[in-house]
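A.B. asks: the following comprises the amino acid sequence and a computationally predicted model.
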Amino acid sequence: MLIHQDVGLHNVTQLEPAEGGGLYLRRFPATVRGKFIPLGRMVAAESSGVELRFVTDSPNFCLSVGSRPSVLAPFEKHQQDLFIFRGAFLHSHHRLDPGKINHINVVNIGNLDKFDEIAESQRLACGFSWKVWRIFFGRYPAIYLELDTYGAPRRPPQPAEVPACRWLAYGSSITHGGAATLHHGAYIYHAARVAGVDVFNQGLSGSCHCEAHVADYFAARTDWDIITLEIGVNLRPSTSPTEYCRRVSYMLEKLRQTHPAAPIVLLTIFPNAATAGYTAGTNAANTQSEGRFNDILRELAGRSAPANVHFIEGHELLDNFGDLSVDLIHPSDYGHVRMGTNLGLRLRQILNAAFAKPLPATEG
């Protein structure tokens, strides 16, 4: 975790100066973003699932942040929402005014002074200590300017105050959080709560192309314990099965070389309007590509696959076609919740088997 001014920066790999002051909170470093397709370079700049994390004895603080409009605002509605949590407990919801400095005064509302009276097993909810303030950003480029704790000291969270297991979630706009009314309602965050893990959102709307430089980048990172690969839907229109197999095989090999004990989870394409069995247009190019891509994933995760390679069918997670939004590809809020619950339970099984140490029980 990067640390800046005694504040932990979750899902941030680089800080960059912002026009007019402050620092952009980047999920991907510039060296990686610069190799993406044009759309990928834009969506990779979004601070999706980025968090400021800190512990302070001050009951109040003032947060100064800014943002730029979402690059997909003309196509998808992404509000400039910012959520504040105390551990896993929701504190407040704020909406940013992009292009301006937003000063957010946070006060000790509710019964936070009563937490000392709650059983420790309940205060450590979903792996987070209630003492950790979490400033959660959504799908827009976020800018951090200042945190004023009114003279009280602050510190980044200690390892025991956050989930011990770290999950890197790579995928398309669905993993990125597409169509979720509120960004923290996307399926990966539901799954993380159910599994009791900490998630890095590495989704790339419309640009999850499984390139070699992405494989090299994920392989070089040492901050994740499990990775999920939701790859395929963005490659259907432009990529042959041979090329798809080459890209996925390269990524699997690189990840296995550098993380031989870490679970690697392959997800087939989630059901959508082009999926065979869900559409009458079974001769469509996307339908054919999707079927072949899914077969390739099944083959790569077959009997000869290493023990740390796991496989989940997309329809096992999105198990009700009515849980899609009307574009018939992105899950609705219902779909995100259902998918997250299903995936979280599977991740718990995989992690318990991989590390032979049951994760603490949680509820979605």
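C.D. replies: Happy to help now that I have it.
A.B. asks: every contact and neighbour count from this point should use C-alpha atoms.
C.D. replies: Fine.
A.B. asks: got the domain boundaries for the chain?
C.D. replies: As assigned by automatic domain parsing, the chain contains the domains 2-161, 166-355.
A.B. asks: any idea which of the ones you listed scores lowest on pLDDT?
C.D. replies: Ranked by mean pLDDT, these end with domain 2-161 in last place, scoring a mean of 91.
A.B. asks: show me where the stretch 51-200 of the chain has helices.
C.D. replies: Assigned by DSSP state H, counting those that start in this stretch, the helices in the stretch 51-200 of the chain fall at 120-123, 173-176, 187-195.
A.B. asks: out of the ones you listed, which gets nearest to M251?
C.D. replies: M251 lies closest to helix 173-176 among the helices of the stretch 51-200 of the chain, at 17.9 Å (Cα to Cα).
A.B. asks: how distant is the helix or strand hosting Y217 from the center of its chain?
C.D. replies: Using DSSP states H and E, Y217 maps to helix 212-220. Taking Cα atoms, centre = their mean, to the nearest Å, one finds the center of helix 212-220 at 17 Å from the center of the full chain.
A.B. asks: one more: stretch 160-172?
C.D. replies: That offset, for stretch 160-172, works out to 8 Å (Cα atoms, centre = their mean).
A.B. asks: go through that stretch and flag the buried ones.
C.D. replies: 161-163, 165-172 (16 or more other Cα atoms under 10 Å).
A.B. asks: rewinding a little: tell me which other helices or strands the helix holding Y217 touches.
C.D. replies: helix 30-33, helix 241-258 (3 or more Cα pairs under 8 Å, 6 or more residues apart in numbering; DSSP states H and E).
A.B. asks: quick one, it and helix 241-258 angle?
C.D. replies: Here the directions of helix 212-220 and helix 241-258 differ by 20 degrees (axes from the mean of the first three to the mean of the last three Cα atoms, to 10 degrees).
A.B. asks: run through who's touching the following helix or strand past helix 212-220.
C.D. replies: For helix 212-220, the following helix or strand on the C-terminal side (DSSP H and E) is strand 226-230. Residues from elsewhere that reach strand 226-230, judged by Cα atoms under 8 Å, 6 or more residues apart in numbering: 165-172, 175, 262-269.
A.B. asks: distance from the chain centre to strand 226-230, please.
C.D. replies: Per Cα atoms, centre = their mean, the centroid offset for strand 226-230 relative to its chain is 10 Å.
A.B. asks: sheet partners, orientation included, of it?
C.D. replies: Strand 226-230 has the following strand partners under DSSP bridges: strand 166-171 (parallel), strand 264-267 (parallel).
A.B. asks: and the helices and strands packed on helix 212-220, which is most packed in?
C.D. replies: Highest mean neighbour count of the helices and strands packed on helix 212-220: helix 241-258, a mean of 17 (counted as mean count of other Cα atoms under 10 Å).
A.B. asks: which other helices and strands contact that one?
C.D. replies: Against helix 241-258 (3+ Cα pairs under 8 Å, 6+ apart) you get helix 212-220, helix 285-300.
A.B. asks: a markdown table for those, including mean neighbour count?
C.D. replies: Listed next are the helices and strands packed on helix 241-258 as a markdown table, based on neighbours: other Cα atoms under 10 Å:
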| stretch | mean neighbour count |
| --- | --- |
| helix 212-220 | 16 |
| helix 285-300 | 19 |
